[in-house]
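Asker: A structural model of the following input is requested.
(3 chains)
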Amino acid sequence: MIGKGSLPVFIAGKLLKVVFTVWIVTTLIFFLIRLMPSNPIERYIQSLVVQYGMTYEESSARASALFAIDLEANLFSQYLDYLSGAIRLDFGTSFLSPGVPVTAIIAARLPWTLFTVGMGLLFAFALGIVLGALAAYRRDAWWEPVVSGTSSFLSAVPDFLIAIFLILLFGVFTWGGRGSIVPIFQLRGNYGPGVTPGWNWAFLRSVWGHGFVPILTYFFSQIGIWVLLMKGSTTSCLNSDYATIARARGLRPEKILRSYIGRNAMLPIATEFAMRLGFILGGSLIIEQLFVYQGLGLELLKATSNRDYPLMQAIFLVMTVAIVLSNLFAELLYGVLDPRIRQEGKGPHG
Amino acid sequence: MMSTVYGTDQENLLEIRNLSIRYRTRRGELRAVEDATLLVKPGESVAIIGESGSGKTTLISAIVRMLPLNARLATGTMRYRTAADSLVHLDTATEREMRPLRWKEIVMVFQASQSSFNPVSRIYTQFLDTARAHNPAARTSDVMDRSRKLLELVALDGEKVLHSFPHELSGGMKQRTLIALGLLLEPRLIILDEPTTALDLLTQKKILKILRSLRDQYRFGMVFVTHDLGIVSRLADRVVVMYAGSIVEDAPWEEFYQDPKHPYSQGLIRAVPKLTTAIEKLYSIPGTTPDLVEKIQGCPFAPRCPFRMEICTRENPPLLPVALGRSAACHLLKEDSSESTP
Amino acid sequence: MADTAVRLKTHNRLARSLRHVGDAITRDIVGAAGFGILFLIILMSVVGPYFFPLDTISDPDKLLMAPSADHFLGTDHLGRDIWAQVVSGGRELLVLAFLTAIVAVLLGIFLGSLAALVRGRFDAVMLFLADVWLTIPRFPLLVVLSGFFRLDAVALAIVLAILSWAGLFRTIRAEVLSLKKRDYVEAAFMLDMPIGYIIFREIIPNMAGFIAASFTLLMRAAIYAQVGLVFLGLLPLDQNWGVMINVAWNQGVIYNPDAISFLLAPTIVICLLILSLVWISRSLEELFNPSLRK
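Answerer: Numbers count the residues shown, from 1 in each chain, chains lettered A, B, ... in the order given. Below is the predicted model:
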C-alpha cells in the first residue's frame, strides 16, 4: 500500500535538490565574473576609463550599477547582494541597451524560442512515438528498416546541418522554375517588416511563414531520437514476460497493446519528453543564428560577442533553471506513472 | 500411482505425434525438436527433463503455439480434446482459434520470472482482464470472490495480494499468484516451464506442495519442464527425457527411477546422487550436446555414449516400446528386446 | 569434444573480445560501413594534403566557380580550390576530437571506477555533483565560456572533455558496480589486489566495448561543438570544415547555385564523419550487449 507520508517527503527532497542546483549555478556564474583573471567587470571599468576618460571611481560606480554589485563592499557581501538580486529575478540592466532591465529583454525573446523549438519538439514527439511503435510492432515489414535507418541518420546529423539542407530545399531550389517553396525573405527574422505585432491575421501569418522552416529544422533534428527511443522501449515491452503471459492468458491483442505494452512503453518516453522540455531554451543557438531568429539563443550569442555580461549570465541561468525544473517535472511524472517509484520514493536513477 | 499404457482406448487429453520444430538462424535451420511424440491423459502429470537446449521449452511452447517468430512447425500433428469433447488441431489452428483455448483450456505458465505481471497495474486488474477476455459478461464481484479463494488456496492473503502491485510481492508470492491465476478458469491442462527455478529452497517446497494438492483437488493434466529430479519425484506420474531435440525415453517415474533404459537416462540418474541435486550440474557425462544446426548422422547421443556400437553412428534409433508402458530410442535396447521377447 | 570445452575456458577474455570485434565487423553491415567511411576520411585527411595542397594565393579570375575539370568541387570566394580545402579541413578536427575523447574517457574511467570501488560518502557526493552538472546546458556554457576566455583548439578539446565528465562518470560507475558483483572481480578484492590493478586488469578489459562506444560518441559531441563554435565565429581556427561552412555561409554562397559545393562539400563530409561514428558506436554497443541484437 502507498505510504501516505512518503509523497510529500519525496517532493520535498526533489525541491531541495532543485534549489541546490540553481544555487550552485548562480554561484558559479558570480565567481566566474568576479574572480577570473581578466574579469569582465574590471575590464569594463578599464574600458570606461580608457574610452570615455572617466575617473576610476565614476567608472566603478557605473559598473556596480550595471552589474547590480556594490564594488566597495567585500566579496562575500557582494555575493549575498547578487544572490538576493537573483532571488528577486533582478539581474541588473543590459550593457548594450543601458537602462533596459535584463529580465525585460529575456521576456521579449523567450516566447519566440518557446514557440519554434516547442512546436518542433511537439510534432517530432507526436509523429516519432507513432512511427517508433509501428516500427516495433511490424518488425518484419519492408518499411521498418527505412524508418529506422532514416531515424538513425536524422538523429546523428547535427541540427545546423539539417537547417542548411532545409534552407536549400525550401528557400533556394526552384522546383521546375516556379520559384522556391518559401520566399527567401521569410528565412530571416521572426516576422515580415510590414506587419504590426498583435492578434491580427497578417501578423500571425507572417509569424508562421517565418517560423515554418526553423520549426521544421527542430522537427527533423528531433524526430529520429523519438522514433528510436519509442521503438526500443516498445520492443523491450513486446518481449517482456508480462506481454507473453498476457497472450498466454488469451487476452485480445488490442487489449495487450493498450494496457500492457502501450502503458509500459510510454513510461520512459513520457519521462524523456518531460526532460527534453528543459532543453528547448538552450538548444537553439546555432539554428537561431542561421535564421536570424530573434530568440533567446541568438540573444545569448549577441550578448556574448558584445560582452554584455549581465544579459549573458541571466540568459544562461534561465536556460539552466529550465532544465532543472524539467528534470524535476520528469521525476515527479515518473513517480506518478510508475507505481514502483511512487512507493519507494526514489528517482528513476536512484 | 496412475499407470500409463500406450494404445489403450482411454482418450488422450493431448496428443502430439511426430512433431518437428525448426528455428531459422543466421547459420541455417536449427532442429529444436525432432519427431517428438507425447501423449497426455486427463489428470496425468508428465515431467520433461533434459539438459538446456534439448528442446524442452520449445516443445511445450508449441502446445499453446507461442513459439518465437523465427520458429516453424515442420512436421507432425498436435491434437487437444476440449471440455466439450471436440478435437482441436493445435498445429493448424490460427491465432484467432487459439485465443479462446489459451488459459481457458490450456494454461501455460512460463519460467518463474520476476516480471510475469504488468508492473503498472494491480493484481486484481490482471485477474479481471483474464476473466473478461474469455467471458466479457463476467461480474466483477464474482471474479474477485473466486480470485480471493484461489489465492487463499495457494496460501496467500487474497484481499491484500489482489490490491498489491506486482513489485510488492516476493518472487515466491508472484509464482503462487500466477498459479492461482492459472486456476481461475478451471483449465484441464496446465503447462509449467521450470515452475520453481529462481526461487529459494523453502519456497520451492511450498510451491510443490501447493501444486500437488491442487492437482489432487482439480484433476487437471499437467506437463512440466524441470532440471530438478526432486520435483519430478514429487509431482510426476511419467517422465519424458529429451536429448538434442529428440525424445529418447518415456516411462512411468517409479520404473524410470529404478531402471532407466536409455544410456543417457542412466547417466542422468547416476549423476544425481540425491534427489535434490539439479541435473544442470551434470558434467559427469563426458562431452557436449551436438550442434543442432548441423545435420546429425546416426544417434545424437552416440558421441557421448559409453555403449556406442557401429550402427549408432549410421542410423538414428526410433522411439520404440521397450516394456509395458515404456519406450526408448536406442539400438542397444532394440536388440535386447528382440532377443528377450520370444 | 571434451578438450574443446576446456580450451574455450582457458581463452583469456581479451582474445575473446577481439574475436567478437572481428565477428561483428564481418556480420554487421552498418558497423562495417561506419568503419569503412571513418577509415576513408582519416586516409583522406592524412594523405590527401600531400596530393592536393591548399591554394595559398587567391585568384581573382576564378571566384566562386562551378565544378570543372581543374577544380572538381569548384572554387571559393577567393578563387581557391575547394576540394583541397575539404582534404585539409579534417585533420585538425579529427585530432582534436580524438584528444577530447581520450581525456574524457580517462577522466570518466578514473572517477567512475573510483566512486564505485570506494563507495561511501565520496561516491554519494560525486553522484550528486554529476546530477547537478548534467543540468547545465553544455553548448550555451561553451558559448558563455568563450566570452570569458580566448579558447584555442587544444584548450577547447580539454574543456570539452572536462565538461563531459558527468555523463560518462555515471555510466561507468554503474557498469563497475555491476562488474563488481561478478566472481573474478570479487575474488581480486578478496585477494587484496591494489585498486589500480583491479581497474586496469579486471574492469577495463570487460568494459572495452562500452568504452569504445562512448569514445565514438564523445568524438561526435566534440566535432559538433567544434564545428558549431567555429561556425558561430567564437573559435579562431583556420583550416577546418566548420570554418568553410562559416565562410561559405557569410559569403551568401547558399543563394549561388554555381558555388553551392563550397557550402555543401564540408557539410556532407561532416555528416558522413558523424554518421560513421554513430554507426560504429551502435555496432560496438550491440556487439557487447547481446540483448540489443535483433
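Asker: okay, how far is it across stretch B:227-240, tip to tip?
Answerer: In stretch B:227-240, first residue to last residue: 12 Å (C-alpha to C-alpha, to the nearest Å).
Asker: any idea of the pLDDT on B:Pro273?
Answerer: Predicted confidence (pLDDT) for B:Pro273: 57.
Asker: Would you map the strands across chain B?
Answerer: With DSSP state E applied, chain B shows strands at B:14-25, B:28-40, B:45-49, B:71-81, B:87-89, B:106-109, B:189-193, B:221-226, B:238-243, B:246-252, B:320-323, B:326-328, listed in chain order.
Asker: The fourth one - what's its average pLDDT?
Answerer: Yep, that's strand B:71-81 we're talking about. 92.
Asker: Quick check: residues of the stretch 151-294 of chain C near chain B?
Answerer: Taking C-beta under 8 Å from any C-beta of the partner chain as the criterion, chain B has no neighbours within the stretch 151-294 of chain C. The C-beta positions use only the backbone N, C-alpha and C, and glycine is treated the same way.
Asker: Give me the distance between the residue in the stretch 151-294 of chain C positioned nearest to chain A and A:Gly224.
Answerer: Here the stretch 151-294 of chain C gets closest to chain A at one residue, C:Val278, 4.0 Å apart by C-beta to the nearest C-beta. Distance, C:Val278 to A:Gly224, by C-beta to C-beta, to the nearest Å: 10 Å.
Asker: quick one, which of these two is more surrounded?
Answerer: Of the pair C:Val278 and A:Gly224, A:Gly224 is the one with more neighbours under other C-beta atoms under 10 Å in any protein chain shown, namely 25 against 20.
Asker: quick one: contacts for the more buried one?
Answerer: Counting by C-beta atoms under 8 Å, 6 or more residues apart in numbering or on different chains, A:Gly224 makes contact with A:Gly128, A:Thr150, A:Ser151, A:Ser152, A:Phe153, A:Leu154, A:Ser155, A:Ala156.
Asker: Can you tell me the element residue 128 falls in?
Answerer: In the absence of a named chain, this looks at chain A. helix A:102-137 (DSSP states H and E).
Asker: my bad, chain C
Answerer: Here C:Phe128 sits within helix C:120-134, counting by DSSP H and E.
Asker: Would you mark the buried spots in that helix?
Answerer: C:Asp123, C:Met126, C:Leu127, C:Ala130, C:Asp131, C:Val132, C:Trp133, C:Leu134 (16 or more other C-beta atoms under 10 Å in any protein chain shown).
Asker: What residues does the residue nearest to the fourth one when sequence neighbours are not counted make contact with?
Answerer: Once flanking residues are discounted, C:Ala130 sits nearest to C:Ala166: 4.0 Å by C-beta to C-beta, 6 or more residues apart in numbering or on different chains. Under the criterion of C-beta under 8 Å, 6+ apart, the contact list for C:Ala166 reads C:Leu129, C:Ala130, C:Asp131, C:Trp133, C:Leu134.
Asker: Now the stretch 101-250 of chain C against chain A: closest residue?
Answerer: Of all residues in the stretch 101-250 of chain C, C:Pro137 sits closest to chain A, at 3.4 Å by C-beta to the nearest C-beta.
Asker: repeat for chain B
Answerer: For chain B, C-beta to the nearest C-beta, closest residue to chain A: B:Arg102, 3.9 Å.
Asker: doesn't B:Ser61 make contact with that residue?
Answerer: No. Counting by C-beta atoms under 8 Å, B:Arg102 stays clear of B:Ser61, with 12.0 Å between them.
Asker: tell me, what's touching the two both at once?
Answerer: Contacts common to B:Arg102 and B:Ser61, judged by C-beta under 8 Å, 6+ apart, are B:Met108.
Asker: Next, A:Gly189: secondary structure please.
Answerer: Using DSSP: H, G, I helix; E, B strand; the rest coil, the structure places A:Gly189 in coil.
Asker: That one against A:Gln294, yeah?
Answerer: Yes. A:Gly189 lies in contact with A:Gln294 (C-beta under 8 Å); the separation is 7.0 Å.
Asker: Give me the more crowded residue out of the two.
Answerer: Comparing A:Gly189 with A:Gln294 by other C-beta under 10 Å, the one with more neighbours is A:Gln294, at 17 against 14.
Asker: if we can go back for a sec, in which helix or strand does the residue nearest to C:Ala130 reside?
Answerer: Applying DSSP H and E as the criterion places C:Ala166 in helix C:165-180.
Asker: low-confidence ranges in the stretch 1-150 of chain C?
Answerer: By pLDDT under 70, the low-scoring segments of the stretch 1-150 of chain C are C:1-27, C:58-60, C:62-65, C:69, C:71, C:79.
Asker: tell me what the helix or strand hosting C:Val87 is packed against?
Answerer: If you go by DSSP H and E, C:Val87 is part of helix C:82-88. With contacts taken as 3 or more C-beta pairs under 8 Å, 6 or more residues apart in numbering or on different chains; DSSP states H and E, helix C:82-88 sits against helix C:29-51, helix C:241-250, helix C:260-288.
Asker: quick one on the thing from earlier: the helix holding C:Phe128 vs helix C:165-180, what angle?
Answerer: For helix C:120-134 against helix C:165-180, the angle by axes from the mean of the first three to the mean of the last three C-alpha atoms, to 10 degrees is 140 degrees.
Asker: what's in contact with helix C:120-134?
Answerer: A:17, A:20-21, A:24, A:349, C:111, C:114-116, C:165-167, C:169-170, C:173.
Asker: Just the buried residues of those residues.
Answerer: Judged by 16+ other C-beta under 10 Å, buried ones among the contacts of helix C:120-134: A:17, A:21, A:24, C:111, C:114-116, C:165-167, C:169-170, C:173.
Asker: Out of the helices and strands packed on helix C:82-88, which is closest to A:Met54?
Answerer: Of all the helices and strands packed on helix C:82-88, it is helix C:241-250 that lies closest to A:Met54, at 35.9 Å by C-beta to C-beta.
Asker: Export only the CA atoms of that closest one, formatted as CSV.
Answerer: Extracted in CSV, the C-alpha atoms of helix C:241-250 (Å, rounded to 0.1, in the frame of the first residue of the first chain):
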residue,chain,number,x,y,z
TRP,C,241,35.3,22.2,-42.3
GLY,C,242,33.4,24.3,-39.8
VAL,C,243,35.4,27.4,-41.0
MET,C,244,34.5,26.5,-44.5
ILE,C,245,30.8,26.4,-43.7
ASN,C,246,31.1,29.6,-41.8
VAL,C,247,32.9,31.5,-44.6
ALA,C,248,30.6,30.0,-47.3
TRP,C,249,27.5,31.0,-45.3
ASN,C,250,28.7,34.5,-44.7
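Asker: How far away from the center of its chain is it?
Answerer: 21 Å (C-alpha atoms, centre = their mean, to the nearest Å).
Asker: Then stretch A:328-337?
Answerer: That offset, for stretch A:328-337, works out to 18 Å (C-alpha atoms, centre = their mean).
Asker: Show me which residues of chain C sit near chain A.
Answerer: So chain C meets chain A at C:131-132, C:135-137, C:139-141, C:143-144, C:146-148, C:170, C:220, C:224, C:227-228, C:231-234, C:245, C:249, C:254-255, C:257, C:260, C:263-264, C:267, C:270-271, C:274-275, C:277-279, C:282, C:294 (C-beta under 8 Å from any C-beta).
Asker: can you do 6 Å?
Answerer: C:132, C:135-137, C:140, C:143-144, C:147-148, C:224, C:228, C:254, C:267, C:271, C:274-275, C:278 (C-beta under 6 Å from any C-beta of the partner chain).
Asker: what's the helix or strand for the residue nearest the centre of chain C?
Answerer: Most central in chain C under C-alpha atoms, centre = their mean is C:Met219, positioned 1.4 Å from the mean C-alpha point. C:Met219 belongs to helix C:208-231 when assigned by DSSP H and E.
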